[in-house]
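# Take a look and give me a structure for this.
(one chain, ligands or ions: 1)
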Amino acid sequence: MPSGRLPVVNPWRFETNQATVQIKVGTYYSQVWTRAINAWNSKKVFTFKIVKGPAQITILPAQSNEASLIKQNFVGVAYVNHDNTKRITSVQLHLVNSLLKSNGYTTSQRVNVAEHELGHAMGLAHNPSKQSVMYKTTRYVSIQPIDVKNAKDLYSIPASQYFINLPATTSTTANKDVIANGAGDRLFKSPFETRSVQALVDPSTIY
Ligand SMILES: [Zn+2]
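Residues are numbered from 1 along each chain as shown. Okay, here's the model as predicted:
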């Protein structure tokens, strides 16, 4: 990371500014995610295409990992698999219902968290500004013009210039989003953790 400047995009993205999405959650959360997808699609910088079968992005309930997510106060998580050519190969997204519920998130606030996770899915990183849906403890803010600009910038680079020509190996990065409590944006845990599937969280990569 360049010193003195926080990245607003991660060094990975999809081939083009579109990806397929399979939603495998119940009726209520399907509506939450669909609202978030429609919000992004209306900005016309990235298109999430909902499909019935297997897709590049899969939206699932938190399952075997739920207990650890709750313990760390993570209301949402994006597991972004990417290879060393900088291509995103697959993404899994979760919202953690029990925490959203116990902390009184409204449906619109849950949509904001879903918009944030979808931002990670397309390659956006955390934005230090609270006036961004990619702020680390997003709850009250939806997609902002700066988020649209960052997504546009990320995908404006031609694929031939953006990607690295290497034999592909895959790793996983987890963007885990901490809860914002009712009183404001108090931070419970370090909000952004990068890890590969080969290693545990490296504290030096938290930012
Ligand atoms: Zn995040």
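# which residues does the closest residue to Pro54 other than its chain neighbours form a beta bridge with?
Excluding the flanking residues, the one nearest Pro54 by C-beta to C-beta, 6 or more residues apart in numbering is Gln22, at 6.3 Å. (Glycine included, C-beta is placed from N, CA and C.) Beta-bridge partners recorded for Gln22 (DSSP bridges): Thr58.
# and Gln22, how many neighbours?
15 (other C-beta atoms under 10 Å).
# and if you look at Ile59?
So Ile59, with other C-beta under 10 Å, has 27 neighbours.
# re the thing from before, doesn't Gly53 make contact with the residue nearest to Pro54?
Yes. Counting by C-beta atoms under 8 Å, Gln22 does reach Gly53; the two are 6.8 Å apart.
# just to revisit the earlier point, list the contacts for the residue nearest to Pro54?
Ile50, Val51, Lys52, Gly53, Pro54, Ala55, Ile57, Thr58, Ile59 (C-beta atoms under 8 Å, 6 or more residues apart in numbering).
# Please, where are all the strands along this protein?
18-23, 47-50, 57-59, 74-83, 88-95, 170-178 (DSSP state E).
# Quick one: closest of those to Trp40.
strand 47-50 (6.1 Å; C-beta to C-beta).
# elements contacting that closest one?
On a contact count with 3 or more C-beta pairs under 8 Å, 6 or more residues apart in numbering; DSSP states H and E, strand 47-50 meets strand 18-23, helix 27-43.
# For the ion, find the nearest of the ones you listed.
For the ion, the closest of those is helix 27-43, at 13.5 Å, according to C-beta to the ion.
# Please point out which parts of that closest one sit buried.
Tyr29, Val32, Trp33, Thr34, Arg35, Ala36, Ile37, Ala39, Trp40, Asn41 (16 or more other C-beta atoms under 10 Å).
# ok so, going back, minimum distance to the ion: which of the strands of the chain has it?
Of the strands of the chain, nearest to the ion by C-beta to the ion is strand 170-178, at 4.1 Å.
# Now that closest one: average pLDDT?
Confidence over strand 170-178 (mean pLDDT, whole number) is 71.
# May I see the buried residues of helix 27-43 organised as TSV, with pLDDT and distance to Thr106 added?
Below are the buried residues of helix 27-43 laid out as TSV (pLDDT from 0 to 100; distance: C-beta to C-beta, whole Å):
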residue	pLDDT	distance to Thr106
Tyr29	98	14
Val32	98	11
Trp33	98	16
Thr34	98	17
Arg35	98	12
Ala36	98	14
Ile37	98	19
Ala39	98	15
Trp40	98	19
Asn41	98	22
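# List the residue ranges of the chain that fall below the pLDDT cut-off.
1-6, 167-168, 176-207 (pLDDT under 70).
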